[in-house]
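> A predicted structure for the sequence below; I have some questions about it.
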Amino acid sequence: MSFFNKIIVAIVQRLPKTIVGIFSKKYIAGETLDEAVEYVKTLNAKGIFATIDVLGESIKTKEEAVDSKKKALQVLDTINENKLKANISIKPTQMGLSIDENFAFEQISELVEKAKQLNNFVRIDMEDSPYTDKTFKLYKRLKGNYDNLGVVVQAYLKRTYDDVVVLNKLDTNYRLCKGIYIESPNIAYKNKKAIRDNYMNVLETILKSGNYVGIATHDEFLINAAYKKIKEMNLSNDKFEFQMLLGVREDLRDKINADGYKMRIYVPFGKDWYPYSMRRLKENPEIAGYIFKSIFNFK
Ligand code: FDA
């Protein structure tokens, strides 16, 4: 972490919760599911899709994990009742992966089954590296029973290309992102160019395999490179979509949408926005820079 980032992290961590709440609002749909529904409706009205995530603190007991699952089931029902163009994203540890792998499998199976009945889809987010293997193992087990789920791969991990070669054979629906956690240089690229190069390498491999991919990035360089690749390969629009986080680069989001490409926004909501924001901040101090800029309105 650079000296500048350390200072920003220290400042943001000491800000009162009310102040943090002001800028966190930009990145979160609200505390309630109703607020998330209203937000998704405004996106849908513009032709933009959503993936809804219930924010939660780290899980220590099975009861908490069951509670997280119930909230996700409620989101699936609510999407259906409101006819929203949305699916759900879940964090495996939130469903109990750090407690018991079989238990997490049962929990997520229930969610994917419910989604299947409602003609919907579950995206399994990728967390930090202690969970990479466990998450792929879980995904592969689920994939044996269901088609309506997908997983996330992180371009900063050196292993990702090899993972994708295996996952391509399973007819995988991907989200490709850079990766948000702080990982060791032994397993992760640290340099911006190396991450971008790997992102494009992995993207090309997925696109060539014919698997579906959510191109999840706000990096204009990568978005332009993806546009170029899509045109070069003469790909039809049903092979990919673009994805962004709520509140980030809305100008670019609207441009991609206006260009006629499918766009999906990650919409987090929930009472746990404060620990979520702080955890994200510690995981990736660059976010502190964005927050700092938004508070003080730097360009
Ligand atoms: P980069 O970080 O270079 O950002 C490019 C530009 O976008 C910045 O210069 C800035 O202008 C803007 N920007 C980016 N993030 C911002 C922010 N938070 N606030 C304000 N501006 C910001 N990661 C992971 O490890 N597991 C996962 O499951 C997911 N899931 C996921 C879903 C979706 C839909 C997205 C878009 C991203 C994720 N991520 C993720 C996060 C991802 O790995 C990555 O950390 C961020 O998307 C930032 O990387 P970019 O590719 O946007 O590039």
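Okay, I see it.
> From Leu33, how far off is the nearest residue to Thr135 once chain neighbours are set aside?
Distances taken as C-beta to C-beta, 6 or more residues apart in numbering put Pro92 closest to Thr135, at 5.2 Å, once the chain neighbours are dropped. For every residue, glycine as well, the C-beta is placed using N, CA and C. Distance of Pro92 to Leu33, computed by C-beta to C-beta, to the nearest Å: 21 Å.
> who's more crowded, those two?
Pro92 (23 against 19; other C-beta atoms under 10 Å).
> for the more buried one, what are its contacts?
104, 108, 124-125, 127, 131, 134-135, 138 (C-beta atoms under 8 Å, 6 or more residues apart in numbering).
> That one and Asn191, how far apart?
Taking C-beta to C-beta, one finds Pro92 at 28 Å from Asn191.
> how about the helix or strand where Gln243 lies against the ligand, any contact?
Assigned by DSSP states H and E, Gln243 belongs to strand 240-245. Yes: using C-beta under 6 Å from any ligand atom, strand 240-245 comes into contact with the ligand via 243-245.
> Now render those residues as a markdown table, adding neighbour count and pLDDT.
Listed next are the residues of strand 240-245 next to the ligand as a markdown table, based on neighbours: other C-beta atoms under 10 Å; pLDDT from 0 to 100:
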| residue | neighbour count | pLDDT |
| --- | --- | --- |
| Gln243 | 26 | 98 |
| Met244 | 21 | 97 |
| Leu245 | 18 | 95 |
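> and which of these is nearest the ligand?
Gln243 (3.7 Å; C-beta to the nearest ligand atom).
> ok, back up a step: where does the residue nearest to Thr135 fall, phi/psi-wise?
With angles defined as degrees, to the nearest 10, Pro92 sits at phi -60, psi -40.
> where does it land on pLDDT?
With respect to pLDDT, Pro92 scores 97.
> for the ligand, what are the nearby residues on the stretch 151-299 of the chain?
Near the ligand, when you scan the stretch 151-299 of the chain using C-beta under 6 Å from any ligand atom, you find 152, 154, 175, 177-181, 216-219, 243-245, 248-249, 266, 287, 290.
> Now list the buried members of those residues.
The neighbour count (16 or more other C-beta atoms under 10 Å) marks 152, 154, 175, 177-181, 216-219, 243-245, 249, 266, 287, 290 as buried among these.
> Please enumerate the strands of this protein.
Shown for the chain, the strands assigned by DSSP state E span residues 49-54, 86-90, 122-124, 149-154, 174-177, 213-216, 240-245, 263-269.
> what's the closest non-adjacent residue to Phe136?
Asp163 (6.6 Å).
> Now do the contacts for the one you found.
Neighbour list for Asp163: 136, 153, 157 [criterion: C-beta under 8 Å, 6+ apart].
> looking at those, which has the most residues close by?
Most neighbours among the contacts of Asp163, by other C-beta under 10 Å: Val153, with 26 neighbours.
> residues in contact with it?
So Val153 contacts 126, 160, 163-164, 167, 174-177, 202 (C-beta under 8 Å, 6+ apart).
> Burial check on the residue nearest to it when sequence neighbours are not counted, number of neighbours?
Once flanking residues are discounted, Val153 sits nearest to Thr160: 5.1 Å by C-beta to C-beta, 6+ apart. The number of residues packed near Thr160 is 24, by other C-beta under 10 Å.
> what's the answer for Asn80, then?
Neighbours around Asn80, by other C-beta under 10 Å: 16.
> Now for the residue lying closest to it once chain neighbours are set aside, how many residues are close by?
The shortest distance from Asn80 to any non-neighbouring residue, by C-beta to C-beta, 6+ apart, is to Leu118 (4.7 Å). Neighbour count for Leu118, taken as other C-beta under 10 Å: 15.
> Repeat that for the one 4 residues further on.
Neighbours of Val122 under the rule other C-beta under 10 Å: 24.
> and what of Met200?
When counting by other C-beta under 10 Å, one arrives at 18 neighbours for Met200.
> who's in contact with it?
222, 225-226, 229.
> Keep only those of these that are in helices.
In this view, the contacts of Met200 that belong to helices under DSSP state H are 222, 225-226, 229.
> top of those by neighbour count?
Greatest neighbour count in the ones in helices among the contacts of Met200, by other C-beta under 10 Å, goes to Ala226: 24 neighbours.
> Need the pLDDT of the nearest residue to that residue once chain neighbours are set aside.
Closest residue to Ala226 apart from its sequence neighbours, by C-beta to C-beta, 6+ apart: Ile215 at 5.1 Å. pLDDT for Ile215: 98.
> you'd agree Ile90 is up against Val112?
No: the pair Ile90 / Val112 is not scored as a contact, 9.6 Å apart, by C-beta atoms under 8 Å.
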